[in-house]
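Q: following is a predicted model, sequence given first.
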Amino acid sequence: MIIITGVSGGIGSIVTNSLSKKGNIIGLYNRNKPDNKNKNITHVKVDLRDENQIIEFVNSYRKKLSKITLIHFAAIKNDELAININSSDWQNIFDVNVKGAFLLTKHILRIMMMEGWGRIIFISSKGSEAGDVGTTSYSSSKMALMGISRTLSKEHALFGITSNVISLGAFDAGLYTELSEKVKNQILAKIPSKKVGSVDNITNAINFIIDSDYINGSIVTIDGGV
């Protein structure tokens, strides 16, 4: 079973549809339920900021959960210069991007441990690693996931569980499509091939991680060589 958070987002939605060819998927969303009739995808509303909702979801679907791959696409972003960030926005970003991802992983881990198999995949971005201007809260939250993943990879390897991060560059979906032509050109200028990536590259990487028991504690970068 593949569990994916953030399935209503651009890239998350595309990857979910693609991975559904591999088997059944539970797609978690909070506000906007995807308009998707794919019979291999079950959509479940869960607010990742609420641990009780996470526990209720895990308990409700426990009998269906086996050979679990957990993929964290859910994230929120609010670009502001550091001096202008207010504490409530900062807290909200960390509640979703970090706390929510951790809590869902925590409550799924016990099932993975009992089965002796599991794949945890956190989604980060090269922009957060670079520290793009105006992304203090978002970049900090994504870098925190790298610390969580590396620790989990050491704590649970003996149970057949791996934890990895996929760090993404620019792709032909999601937020990139909403950027101005000026900003798009600035991004393209940094990419050796002068083109953004196809989302198929992300799906390929996920399948590779799922099928590989010795990829653990890694950061898999997909950015075209920036």
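A: The structure has been received and is ready for your questions. Residues are numbered from 1 along each chain as shown.
Q: contacting residues around Ile187?
A: Residues in contact with Ile187 (Cβ atoms under 8 Å, 6 or more residues apart in numbering) are 170, 176, 179, 196. Quick note: C-beta positions are derived from backbone N, CA and C, even for glycine.
Q: any idea which element it lies in?
A: For Ile187, the enclosing helix or strand under DSSP states H and E is helix 181-190.
Q: can you give me the offset of the following helix or strand past that helix from its chain's centre?
A: Elements were assigned by DSSP H and E; along the chain past helix 181-190, the next helix or strand is helix 200-210. Distance, stretch centre to chain centre, for helix 200-210: 13 Å (Cα atoms, centre = their mean, to the nearest Å).
Q: so what does the helix or strand following helix 200-210 touch, helix or strand wise?
A: As assigned by DSSP H and E, the chain's next helix or strand after helix 200-210 is strand 219-222. In terms of contacts (3 or more Cβ pairs under 8 Å, 6 or more residues apart in numbering; DSSP states H and E), strand 219-222 is packed against strand 161-168, helix 200-210.
Q: just send the ones you listed back as a markdown table, with mean pLDDT, distance to Glu129 and mean neighbour count too.
A: As requested, the helices and strands packed on strand 219-222 are exported to a markdown table (pLDDT from 0 to 100; distance: least, Cβ to Cβ, whole Å; neighbours: other Cβ atoms under 10 Å):
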| stretch | mean pLDDT | distance to Glu129 | mean neighbour count |
| --- | --- | --- | --- |
| strand 161-168 | 97 | 6 | 24 |
| helix 200-210 | 96 | 16 | 18 |
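Q: could you dump the ones you listed into JSON lines with distance to Ser124 added?
A: Output for the helices and strands packed on strand 219-222, formatted as JSON lines (distance: least, Cβ to Cβ, whole Å):
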{"stretch": "strand 161-168", "distance to Ser124": "5"}
{"stretch": "helix 200-210", "distance to Ser124": "12"}
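Q: Asn36 is nearest to which of these?
A: helix 200-210 (16.0 Å; Cβ to Cβ).
Q: residues contacting Thr136?
A: Thr136 neighbours (Cβ under 8 Å, 6+ apart): 80-82, 85.
Q: what subset of these is buried?
A: Burial by neighbour count, judged by 16 or more other Cβ atoms under 10 Å, picks out Ile85 from these.
Q: buried set for stretch 27-44?
A: 27-30, 34, 41, 43-44.
Q: what's the answer for stretch 88-108, then?
A: Buried, per 16+ other Cβ under 10 Å, within stretch 88-108: 90, 93-105, 108.
Q: remind me, longest helix of the chain?
A: Using DSSP state H to define each element, the chain has its longest helix at helix 136-156.
Q: that one relative to strand 161-168, how many degrees between them?
A: 150 degrees (axes from the mean of the first three to the mean of the last three Cα atoms, to 10 degrees).
Q: avg pLDDT for helix 136-156?
A: The predicted model assigns helix 136-156 a mean pLDDT of 92.
Q: also stretch 112-122?
A: Per-residue scores along stretch 112-122 average to 97.
Q: need the distance between the two termini of that stretch.
A: Start and end residues of stretch 112-122 are separated by 16 Å (Cα to Cα, to the nearest Å).
Q: other residues contacting it?
A: So stretch 112-122 is in contact with 66-72, 101, 105, 108-109, 111, 145-146, 148-149, 152, 156, 159-166, 206, 209-210, going by Cβ under 8 Å, 6+ apart.
Q: recalculate using a threshold of 6 Å.
A: 67-72, 105, 145, 149, 159-165, 209-210 (Cβ atoms under 6 Å, 6 or more residues apart in numbering).
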